[in-house]
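# pasting the structure only:
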């Protein structure tokens, strides 16, 4: 949970009118509230626009949640929207009527479950549901009554959490946690409610809409992959070259504790699958010694998957980090205490995301959290293994540098690919791949969880996921192919992609060949493929031509009766 500076409502309106925003995606939100959302929606609109999302917010009539949910099937047909938000505030509904709590909770459960079933059956759209804060009547009850009411609220919120695990399209917004953060005295505004049926204070509108915007952006915008960190006055206080390993400020002092906790936070990001890199003007021997000798150090030197410690300009060094990790610079976030370094990065390497680092280290964590660059609602097994996978990628690259002949290199890797269908165990990773991969992605077609679930429901589709292993380790699920039926004799490749981490090994050719073999067994005659050019995927523009396809008009065509056998001597294939 984040603590935000309060932006007055009139300032929100000024910012919205300024229209100084750049948009990556337009989205339509259908919102159901039991309170007047006018002010709330303005805060939400601003937070979304600041994340490069252009929202169109459709709202139902005031306090019509139950009726709208009961007729959700008709709304799905009559209204076109990308996401459904359901915000029922308990005190706006019940006020001081504690006797109606059980009835309120039961109706919430029943309506939500029915809504989930209908939406999953039809469009399978994402749903964001507000959890429940404490009933204000509880504060005027006996301790025994307060405990009883609190337990009911906690039980209902736990139920919502379990429901979100069952229905992947359901996301829970922790309104109760926000109330605890800012305090219930600051959470509600009685005057606002009596005048306009708006229960929340400006502070609450700001916090709740911010959290809501984070969840929405995590659905439609891919989180960043790599955090690039400076060292002096960023991971510790002071200048290492002047103060030495034992003289830097880390632990014990006020600022030292701030830096130490910041390192603990960075360690949490690492465990959530964020790649760490160092970009620092320093002597590398001094840095290694500092990580080794300073007992207050939380991070290890080996926690960083790429290290550029020298006296080269940082906007140039970050290019080397990008090349070493084989990731796009738009997937990287630069965090440096120096205004000069940040401005240089913005000017000479503008695709890199730059965080405005606060002057006080006590605010470092908040600055990264509020940027939402690394926000996620769920953690996959692939995320947990990210550091390990980049470690083995380093070993592969070192091995490649020692081998003069590329064929010998590929043969000596002892590679095996495991091909499986997309299923409930690898589903979240499949969604990640469709949204993260840019360089080898033939169409750059993105899928939300609900869209991919909808695709997989069809009987006339094939969806394959590839896991690569070599003598250095398991690279995880790194390639995906999806095809669907056009007519009795023709299928089209809907999506085809490969993680940049395994480019140059021939995995893409094997995957395509195995997909075509499966389609041939189904007595398919023609397979169509599309290449949609972007700024990042030009390296795969000739992929179909090199693999038995002929360009015809704007599409690529493969006649399966003319399919040539693939010469594959480097990769062993297993089907799971």
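Great, that's in hand. Computed from a predicted model, the values in this text were never measured in an experiment.
# contacts and neighbour counts: CA atoms only from here.
Noted.
# contacts for the longest strand seen in the chain, please.
Longest strand in the chain, counting residues (DSSP state E): strand 473-485. Applying CA atoms under 8 Å, 6 or more residues apart in numbering, the external contacts of strand 473-485 come out as 382, 389, 392, 429-430, 433, 460-469, 491-499, 501-502, 508, 511-512, 515.
# quick one: which of the residues you listed sit in helices?
Those of the contacts of strand 473-485 mapping onto helices are 382, 389, 392, 429-430, 433, 508, 511-512, 515, per DSSP state H.
# which of the residues in the longest strand of the chain are buried?
Within strand 473-485, the residues scored as buried using 16 or more other CA atoms under 10 Å are 473-485.
# let's check: the centremost residue of this protein is which one?
The residue lying closest to the centre of the chain (CA atoms, centre = their mean) is residue 223, at 3.8 Å.
# if I look at that one, how far off is residue 334?
Separation of residue 223 from residue 334 (CA to CA, to the nearest Å) stands at 14 Å.
# what do you get for residue 72?
For residue 72 relative to residue 334 (CA to CA), the value is 44 Å.
# between these two, which is the more surrounded one?
Taking neighbours as other CA atoms under 10 Å, residue 72 and residue 334 compare with residue 334 leading, 25 against 18.
# just checking, next helix/strand downstream of the helix or strand where the more buried one lies?
Counting by DSSP states H and E, the element that carries residue 334 is strand 332-335. Once strand 332-335 ends, the next helix or strand along the chain (criterion: DSSP H and E) is helix 339-348.
# please name the nearest non-neighbouring residue to residue 297.
residue 291 (6.5 Å; CA to CA, 6 or more residues apart in numbering).
# now do residue 435
Spatial nearest neighbour of residue 435, chain neighbours left out: residue 446 (5.2 Å); criterion: CA to CA, 6+ apart.
# what's the helix or strand for the one you found?
Assigned by DSSP H and E, residue 446 belongs to no helix or strand.
# surely it and residue 432 touch.
No. If you go by CA atoms under 8 Å, residue 446 and residue 432 don't touch, sitting 9.3 Å apart.
# ok, residues contacting the helix or strand residue 152 falls within?
For residue 152, the element it lies in under DSSP H and E is helix 143-166. For helix 143-166, the external contacting residues (CA under 8 Å, 6+ apart) are 105, 131-135, 138-139, 170-172.
# buried residues in stretch 452-464?
Quick answer for stretch 452-464 (16+ other CA under 10 Å): 452-456, 461-464.
# filter those down to the ones in strands?
Per DSSP E, the buried residues of stretch 452-464 map to strands at 461-464.
# and which of those residues is nearest residue 213?
residue 463 (31.3 Å; CA to CA).
# which residues does the nearest residue to that closest one once chain neighbours are set aside bridge with?
Spatial nearest neighbour of residue 463, chain neighbours left out: residue 482 (4.3 Å); criterion: CA to CA, 6+ apart. Taking DSSP bridges as the rule, residue 482 bridges to residue 463, residue 495.
# can you give me the distance of residue 482 to residue 504?
Distance, residue 482 to residue 504, by CA to CA: 21 Å.
# how about residue 289, nearest residue that isn't a chain neighbour?
residue 245 (7.0 Å).
# same question but for residue 545, I mixed them up
residue 551 (7.2 Å).
# quick check, that neighbour in a helix?
No. Residue 551 is assigned strand when assessed by DSSP: H, G, I helix; E, B strand; the rest coil, not a helix.
# any chance of the contacts of helix 143-166 in CSV, with neighbour count and distance to residue 54 too?
Below are the contacts of helix 143-166 laid out as CSV (neighbours: other CA atoms under 10 Å; distance: CA to CA, whole Å):
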residue, neighbour count, distance to residue 54
105, 16, 34
131, 25, 26
132, 24, 28
133, 21, 30
134, 21, 33
135, 21, 35
138, 19, 40
139, 12, 41
170, 23, 22
171, 25, 21
172, 20, 22
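# all helices of the stretch 251-400 of the chain, in order?
254-271, 284-293, 314-325, 339-348, 364-371, 381-384, 386-402 (DSSP state H, counting those that start in this stretch).
# give the contact list for the residue lying closest to residue 555 once chain neighbours are set aside.
Distances taken as CA to CA, 6+ apart place residue 530 nearest to residue 555, at 5.3 Å, with adjacent residues excluded. For residue 530, the contact set (CA under 8 Å, 6+ apart) comprises 442-443, 493, 554-556.
# what is the mean pLDDT for stretch 272-290?
The pLDDT scores in stretch 272-290 average 95.
# which residues are contacting that stretch?
By CA under 8 Å, 6+ apart, stretch 272-290 touches 224-232, 240-241, 244-246, 270, 301, 303-312, 314, 317-318, 321, 374, 379, 382-387.
# correct me, but residue 208 touches residue 176?
No. Between residue 208 and residue 176 there is no contact under CA under 8 Å: 10.0 Å.
# neighbour count winner among these two?
Taking neighbours as other CA under 10 Å, residue 208 and residue 176 compare with residue 208 leading, 22 against 17.
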